[in-house]
Structure formats: C-alpha cells, structure tokens
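Peer 1: pasting a predicted model and its sequence here:
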Amino acid sequence: MTADSARHRTPEELEAALDHIRQAPVDHGTLELIVRRPAVDEREVLETGQLSLEEGLVGDTWNQRGSSKTPDGGPLIDAQINIMNARTAAAIAGPIERWALAGDQLYVDLDISLETLPAGTQLAMGEAVIEVTAEPHTGCGKFSARFGLDALRFVNSPAGRALNLRGINARVIQPGTIHTGDTVTRLN
C-alpha cells in the first residue's frame, strides 16, 4: 500500500466522485468484495461466503453483537448484512485492499440509493436472497478515524444520505452461497 492510498480524501475529491457513483448499475450489478468480521477490528476477505438466516454471513460476528434497539439486547436482525457501494468505497478508501476498513460485509457495484433500493427491496446474488431494511446505516467514529471527518461529512450530507453512500442494511431471507463476481439482481 502506498502512502497516497492511506491518506484521507479531500472534500473536492469526494465531490468529484459523485458522477461516477451515480452511474452505478440499477437492476443488475456485481458483488465486488465479501468481508467477514471474525472479531472487533478484524477483517477476512473471502472469495466465497455462506449467507445464513441465523448467522448472516457465516463466521462474521454480527450475531454476537448486541444492540440497544432490541428488547433483549441481542443482535439487530435488520442490520444482519451491511452493504456498501463499491464506487463509494473506492472514492473514500482508495484501492480495494482498503475497502474492508469501512466495516461492511458486501461491496457491490450497484446503485444502492434510497430511490432505487427502498426498504423491502430484495436482491439475489449467488444462491442467496437478501432484503433491504429500513435500519439506517450511518458513519461512526471508527469510520471517521479511518477515512477522515470529510468522508464522514460526505456520506452523511443530504446527497450522501439520498445515495446511501455509507451503505445500507439488509437481512438474509434465502440462505445460500455467494461468490465474488456474482451478479447482484434487484428482484422487485
């Protein structure tokens, strides 16, 4: 990794990426990266993953993370799978080797804007189907520390929120195997 790949992007660089991000495919995209989080701040890039109704991405710690949004403090099913637009990841993080730092599990070359993928939209990839949920996905302190305050402002700006630049949440509704390079198809 070069020093340039780890530097924080300027507001001008981030804004310049918007046209490219907006050109992402609408109905059929590509699964560009699968990332499992086996422990806090650890990442494993996978060529093949298994999506499960109970575990989300098998081997990921989603199901071990509690949430203040659930009555029992257990994991939040509506945030079982975190998805980020690959074009946004590239604009913010640089080379693909740095995308996993964002903390999402699936990186897709697909328009994930609120208008294109509202809650309830189903996406097929490989053998699996996931459903977009209404649970917001916003940048946090870790995201800001890794990519800079300008990146956090960018994803949480009005345009950033409309385009879901920080990403979207989903849950598994049909388990199955997924592979990097799979077509991601909007079903409804």
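Peer 2: Noted; the coordinates are in hand. Numbers count the residues shown, from 1 in each chain.

Peer 1: first-to-last residue distance for stretch 11-31?
Peer 2: 27 Å (CA to CA, to the nearest Å).

Peer 1: check the protein for its longest strand and report it.
Peer 2: strand 28-36 (DSSP state E).

Peer 1: list the contacts of that one.
Peer 2: 43-49, 57, 59-60, 86, 89, 96, 99-100, 104-111, 125-126, 178-186 (CB atoms under 8 Å, 6 or more residues apart in numbering). (Each C-beta comes from the backbone N, C-alpha and C, glycine too.)

Peer 1: in strands, which of these appear?
Peer 2: 44-46, 48-49, 57, 106-109, 125, 178-179, 183-186.

Peer 1: hey, which helix or strand in the chain has the poorest pLDDT?
Peer 2: Every helix and strand of the chain was ranked by mean pLDDT, DSSP states H and E. The lowest is helix 3-6, at a mean of 52.

Peer 1: pull out the buried positions in the longest strand of the chain.
Peer 2: 29-36 (16 or more other CB atoms under 10 Å).

Peer 1: partner strands of that strand, with direction?
Peer 2: strand 44-46 (antiparallel), strand 106-109 (antiparallel), strand 183-186 (antiparallel) (DSSP bridges).

Peer 1: what about it, distance to the chain center?
Peer 2: In terms of CA atoms, centre = their mean, to the nearest Å, the centre of strand 28-36 is found 9 Å from the chain centre.

Peer 1: could we number from 44 for the rest of this?
Peer 2: With 44 as the first residue, the last one maps to strand 71-79.

Peer 1: for this structure, what spans make up the helices?
Peer 2: 46-49, 54-59, 61-65, 129-136, 184-190, 192-199, 201-205 (DSSP state H).
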